[in-house]
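# What shape does this take:
(chains A and B)
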Amino acid sequence: MVAKLDPSPKSLQVVVSADHMEVSLRVTRTCSEVTPPIVLDALRAQKIQITPAIEAEVEKLCKREDPLKAKEICTIGHGVPPVHATAPRVELVASPHSEGEGRDRSAIPSATQGMIVGVIVPGTPGQNGVDVFAKPVPFRAAAKELPLGPNVELSADGKSIIALSPGLIQVKAGKLGVETAMEVQGNLDYSVGNINFAGSVLIRGNVADLFKIVAKEDIYVGGAVEAADLHGGHNVEVHGGICCRDKGHVSAGNDLRAKFISNTTIDAGNDIIVHSEIANSRITCKRHLSVVNGPVYASHVTAAGGVTAVTLGSSAHAKTLIECGIDAVHRKTAAEKLPEIQASLKRVAKVREVIEPLLKHQKNLTAAQKEKATEMLYEADLLQRAADETMREIAAEHKRYLETSATAEVIVSGIIHPGVTIRFPEMETTVRMPIKGPVRIVCRNVRGQWSILAVHDATKLTQQLELRGVQDDLMRELAKALGEGKHLHLDAPAHTASSAPPATTTLAA
Amino acid sequence: MKILLVDDSKTMRSIQKQVLIAIPSTEFAEAGDGVEALNVIAASGKFDLVAIDWNMPNMVGHTLVGKIRAKDRATPLIMCTTEAEKQRVVDAIKAGVNNYVVKPFTPDMLMEKVKQTLDRCAKAAA
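Sure thing, here's the model as predicted:
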């Protein structure tokens, strides 16, 4: 049925939206007998592009049963909107919000160098639209720049984002990057959780009891460290003190600095520098230990490169052991590796012993036996090479240790209290009477005999101290395995008690 | 450098691979018998060295050498075998191998023979 519309074009008004994307018909007065050609002519007069969709809509409108009312607006067509381009975006490979429980509640998303930290989701190209007048409507272009933050780069295939340095994976302002340092503004406690980070860690406050920090690079703590575990791959610096109450452990790959150390086990790959004091602690460092303004007492210190302190021991004769020129880490490695090497070499010898007669009578061997013999020779070769490689590593470390320990000495500016034992390789002395500083305790070969001497630089006096031999079987065995024949002070009087004159004897001026 | 290891013993191929991996930039392909080796060569193209065992199922090493030499005179071939008789060595050399390693061998012996073969073939090609 044809809608009752006034055929007069005056009764039809074509309305176009402001953005030219919609066209409508408005009836100015109730009209009848309108047909699609009349409507389409009206649209053409307004330069509207007649599309099949518009034609269909007009057809439908004209067949309406109920008459169009005055001022009624009927939408009859749309333009084609543009498809805007989208920019490429990144998706994290590791989720930064994965959470654990308790002290492990915060799982820090850290990257190692070369690790894929994100993937690129490519952008989409844009497409122009068309308005109702058949004019193109341009699409909106997207930013072409990839959202890459610091310390990352695009992979060769352009599909992934690779970390250029170890650190914290972060998305800042939509850009994925790797921050090489992680900073905690307050304390390390339950609000933060344990930290295992590929870069450096900076804690502005304290590290609370039983929390743990593992950092591939440096650790800096602005406050104090309580009974916590800290393991820094490079340096560890604690602005306050380290007081682990015999529960925590702090280690640094290189240097360690702290205000004071109390009831703590500390290891450092290089130097340890403490401002005020070391008490009731076990300290190990591969180079020099220095307590700038205070004492070392009631502690066991092992420093391959020597010790400098104001005071050693206490007036209460607290038992203090200072091992100077001894490398605890090297000793530990040797203790672990030497038996392994010896077992490997023993096995190699046994295999060769079995094969030797077979090789001499190869004609009697079956093909299978010959193949088995080849396998055994290969196995022996592998074991030999592995043992040689480990031995080379130990030898290099031993050489470095000998160079460091050769000049190691204990330097005290204040006083060495009775009860302090100072140990050098293969010999030690226990101080019976106070030794006033400034003094250097050194191990020297005097007229063909090793001695422990107190050298008073100010007065130019040298005091020979009571000497006990301390046989170091492990280092002797290591020296033998390395083919040195002798350890650092092997000609020292091991197992001979008090071979030196009393502690007060002055040898030379 | 592309090396093809042909031996019916996987362990032996593994040993050869572990020894020869010391040669820089080396890629390995493996085959368990002569037929498989010909298929690998057909699929992968020319190799810089082929180490061949004598006694293998389907096609023995001696036949494989002949088949390879029928098409290609240049690729260095080494026979790695338990067959130590003089006549066998002569047969292998006549068939076209460039060198001969008798099992049991040490890793150093294998490496030395391989280097020797590669040097000789490089000089011959020059």
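
# Which stretches in chain A count as helices?
A:36-45, A:52-62, A:328-360, A:367-406, A:473-481 (DSSP state H).

# Redo these as a markdown table? Include mean neighbour count and distance to B:Ile52.
(Each C-beta comes from the backbone N, C-alpha and C, glycine too.) Compiled in a markdown table, the helices of chain A are given as follows (neighbours: other Cβ atoms under 10 Å in any protein chain shown; distance: least, Cβ to Cβ, whole Å):
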| stretch | mean neighbour count | distance to B:Ile52 |
| --- | --- | --- |
| helix A:36-45 | 16 | 85 |
| helix A:52-62 | 16 | 74 |
| helix A:328-360 | 15 | 23 |
| helix A:367-406 | 17 | 15 |
| helix A:473-481 | 17 | 43 |
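
# closest one to chain B among those?
helix A:367-406 (3.6 Å; Cβ to the nearest Cβ).

# counting contacts, what elements does the closest one pack onto?
helix A:328-360, helix A:473-481, helix B:10-20, helix B:107-125 (3 or more Cβ pairs under 8 Å, 6 or more residues apart in numbering or on different chains; DSSP states H and E).

# Does anything pack onto the last one? Which helices or strands?
Packing contacts for helix B:107-125, counted by 3+ Cβ pairs under 8 Å, 6+ apart, involve helix A:367-406, helix B:10-20, strand B:49-52, strand B:77-81, strand B:99-102.

# Would you mark the buried spots in the helix or strand following the fourth one?
In other words, strand B:77-81. Scanning forward in sequence from strand B:77-81 by DSSP states H and E, the next helix or strand is helix B:86-95. The neighbour-count check on helix B:86-95 (16 or more other Cβ atoms under 10 Å in any protein chain shown) flags B:Arg88, B:Val89, B:Asp91, B:Ala92, B:Ala95 as buried.

# Nearest to A:Ala111 among these?
Relative to A:Ala111, the closest of those is B:Ala92; by Cβ to Cβ it sits at 55.1 Å.

# How much space separates that closest one from B:Thr63?
Using Cβ to Cβ, to the nearest Å, B:Ala92 is found at 11 Å from B:Thr63.

# do the same with A:Arg347
40 Å.

# Could you do A:Lys69 as well?
99 Å.

# For the residue of the stretch 101-250 of chain A found nearest chain B, what are phi and psi?
Nearest residue of the stretch 101-250 of chain A to chain B: A:Ala156, at 19.4 Å (Cβ to the nearest Cβ). Main-chain torsions, A:Ala156, degrees, to the nearest 10: phi -60, psi -40.

# neighbours around it, how many?
8 (other Cβ atoms under 10 Å in any protein chain shown).

# which residues of the stretch 401-509 of chain A score low on pLDDT?
A:484-509 (pLDDT under 70).

# can you rerun that using 50?
Along the stretch 401-509 of chain A, the model assigns pLDDT under 50 to residues A:485-488, A:490-509.

# and what of chain B?
For chain B (pLDDT under 50), the answer is none.

# Point out the residues in it that sit beside chain A.
Within reach of chain A by Cβ under 8 Å from any Cβ of the partner chain, chain B has these residues: B:9, B:11-12, B:15, B:18-19, B:55, B:82-84, B:102-108.

# Please repeat the previous calculation with a cut-off of 10 Å.
B:7, B:9, B:11-12, B:14-16, B:18-19, B:53-55, B:80-85, B:101-110 (Cβ under 10 Å from any Cβ of the partner chain).

# Weed out the non-buried ones from the residues you listed.
Buried, going by 16+ other Cβ under 10 Å: B:7, B:9, B:12, B:15-16, B:19, B:53-54, B:80-83, B:101-107, B:109-110, out of the residues of chain B next to chain A.

# What separation is there between B:Lys72 and A:Ile422?
Not Lys; residue B:72 is Asp. 76 Å.

# So if I had to pick from those two, which one is more boxed in?
The neighbour comparison of B:Asp72 against A:Ile422 (other Cβ under 10 Å) goes to A:Ile422, with 28 against 14.

# residue contacts, A:Val93?
By Cβ atoms under 10 Å, 6 or more residues apart in numbering or on different chains, the residues touching A:Val93 are A:Pro109, A:Ala111, A:Met115, A:Ile116, A:Val117, A:Gly118, A:Val119, A:Ser160, A:Ile161, A:Ile169, A:Leu176.

# now the spatially most central residue of chain B, which residues is it bridged with?
Centroid-nearest residue in chain B: B:Ala51, 1.5 Å away (criterion: Cα atoms, centre = their mean). For B:Ala51, the beta-bridge partners under DSSP bridges are B:Leu5, B:Ile78.

# which residues touch the residue nearest in space to the middle of chain A?
By Cα atoms, centre = their mean, the mean C-alpha position of chain A lies nearest to A:Ala198, the distance being 2.1 Å. Residues in contact with A:Ala198 (Cβ under 10 Å, 6+ apart) are A:108-113, A:115, A:163, A:165-169, A:178, A:180, A:182, A:214-217, A:233.
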